[in-house]
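Participant: need the 3D shape of this:
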Amino acid sequence: MPQAGLELVGVHKQYHTVQAVCGISFTVKQGEFFSLLGPSGCGKTTTLRMVAGFVSPTAGRILLDGRDITPLPPEKRQMGMVFQNYAVFPHMRVFENISFGLQIRKKKQHEIEHQVQAALSQVGLSGYEERYPRQLSGGEQQRVALARALVIEPRLMLLDEPLSALDKRLREEMKYWIKRLQSELGITTIYVTHDQSEAMTLSDRIAVMNNGRVEQIGTPRDIYEQPATRFVSSFIGESNMLQGEVVAVENDRITVAIGAAQVKTTALRAISARQSVTVMVRPESILLGEAASSLSWQPLVGEIVSEIYQGAIIRYEIKLPGDFRLIAESHNINEREIFPVGASVPVGWMPDSSIVLME
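Facilitator: Residues are numbered from 1 along each chain as shown. Modelled structure (predicted):
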């Protein structure tokens, strides 16, 4: 296992009576793109600011390559930080903005010239040296902010919702650009966002946070396909949640009673009969019609309540006996079955495409 780029050990942050961060621990490997993902107020930005040194933890330690940096001020941590509002200096030209950190470090002028040009090349802004921020687009200003962080050759890059001030089209362009740049440079990066699409697209691993705690850490695939908690399953993507009771357990295959019907699913942890559980299944995993009828277990029968055409996807709302509701998504291909509103259809899923969440 490679040496850790960054490690948080039991880090807390309390403001008066409010616990903003509650004893979190995680490791970010060298060269990894690691995202802190969660809703507003979950503690992700506070965590990033403690890593940067702008906020002191109430308890716990922060280590960079095994060295305890908890007591060090920001300028001693060798980190570059990019904020969501760019934070470029409006009265300075691009060159002066980018060279600011080098000037503070009293670098020689020829070194400054060389490093600024290299940073401009990295972010695709060669030739922009004499422009002022008002002459740049939002995406270009954000790239100036990235260049200013990169030019000091940081050991760790910290990005605090850097795309939130951009419009949708530019956000889409910039997230792929940031991923390519980070991959080319191989710089260890921590990225804060509340946007699950950004986190899933950019990250090697994601820490999902809620109420000051880390609920789960894993790859985007792990987080999406094997959520550890009900919160993670509902925050990452869309989920169908069906309440039921375990009827039988056979290895990791579970039979759950949903109302009068029984369904097959998968368990990721020890479960016993008669436990109350939630079966989680994603809309794209729902099988309808002939596909559901070919399952190894007796499918449910539901009524199509609504059909919404979304181009490549047809989205169905389905009512099951006992007034359970499901959302199913079907790819819009010529061979697909048509399910009109009011129709009764078999409904099911492969056991491996659903999991049990314990109450």
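
Participant: if I pick Ala328, what's in contact with it?
Facilitator: If you count contacts by CB atoms under 8 Å, 6 or more residues apart in numbering, Ala328 has them with Pro283, Ile286, Leu288, Arg315, Tyr316, Ile318, Val347. Every C-beta, even on glycine, is put in place using the N, C-alpha and C of the backbone.

Participant: what is the helix or strand of the chain with the lowest mean pLDDT packed up against?
Facilitator: Every helix and strand in the chain was compared by mean pLDDT, DSSP states H and E; the lowest is strand 354-358, with a mean of 83. When contacts are defined as 3 or more CB pairs under 8 Å, 6 or more residues apart in numbering; DSSP states H and E, strand 354-358 sits against strand 261-266, strand 276-281.

Participant: tell me the mean pLDDT for the top helix by length along the chain?
Facilitator: Secondary structure assigned by DSSP state H gives helix 168-185 as the longest helix of the chain. Mean pLDDT, helix 168-185: 88.

Participant: repeat for stretch 308-317
Facilitator: 90.

Participant: which residues sit against the helix or strand in which Glu198 is found?
Facilitator: Assigned by DSSP states H and E, Glu198 belongs to helix 196-202. Identification of contacts with helix 196-202 by CB under 8 Å, 6+ apart yields 33, 35, 37, 163, 171, 175-176, 178-179, 182, 191, 193, 206, 220, 223-224, 235-237.

Participant: which parts of it are buried?
Facilitator: For helix 196-202, burial by neighbour count (16 or more other CB atoms under 10 Å) applies to Gln196, Glu198, Ala199, Met200, Leu202.

Participant: likewise for stretch 49-67?
Facilitator: Neighbour-count burial for stretch 49-67, counted by 16+ other CB under 10 Å, picks out Arg49, Met50, Val51, Ala52, Gly53, Val55, Pro57, Gly60, Ile62, Leu63, Leu64.

Participant: please name the bridge partners of Thr265.
Facilitator: Thr265 has these beta-bridge partners by DSSP bridges: Ile254.

Participant: and it, how many residues sit next to it?
Facilitator: Neighbour count of Thr265, defined by other CB atoms under 10 Å: 26.

Participant: quick one on the thing from earlier: weakest of the helices and strands packed on strand 354-358 by average pLDDT?
Facilitator: strand 261-266 (a mean of 89).

Participant: of all the helices and strands packed on strand 354-358, which one is nearest Gly43?
Facilitator: Closest of those to Gly43 is strand 276-281, at 24.7 Å (criterion: CB to CB).

Participant: how about residues contacting that closest one?
Facilitator: The contact list for strand 276-281 (CB under 8 Å, 6+ apart) reads 227, 230, 233, 239-246, 254, 256, 258, 263, 265, 271, 326, 349, 353-359.

Participant: and with 6 Å instead?
Facilitator: Contact with strand 276-281 is made by 233, 239-246, 256, 265, 349, 354-359, as judged by CB atoms under 6 Å, 6 or more residues apart in numbering.

Participant: what residues of it count as buried?
Facilitator: Residues of strand 276-281 classed as buried: Val277, Thr278, Val279, Met280, Val281 (neighbour count, 16+ other CB under 10 Å).

Participant: just for the stretch 1-150 of the chain, where's the confidence low?
Facilitator: 1-4 (pLDDT under 70).

Participant: picking up where we left off before, need the buried ones from the contacts of helix 196-202 selected in ChimeraX.
Facilitator: Entered in ChimeraX, the line below selects the buried ones among the contacts of helix 196-202, by 16+ other CB under 10 Å:
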select :33,35,37,163,171,175,178,179,182,191,193,206,220,223,224,235,236,237
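
Participant: before we move on, the earlier item: using CSV, list the CA coordinates for the helix holding Glu198.
Facilitator: Output in CSV follows, covering the C-alpha atoms of helix 196-202 (Å, rounded to 0.1, in the frame of the first residue of the first chain):
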residue,chain,number,x,y,z
GLN,A,196,-23.1,13.9,-6.6
SER,A,197,-22.5,14.1,-10.4
GLU,A,198,-19.2,16.0,-9.9
ALA,A,199,-18.1,13.6,-7.2
MET,A,200,-18.9,10.5,-9.3
THR,A,201,-17.2,11.9,-12.4
LEU,A,202,-14.0,13.2,-10.8
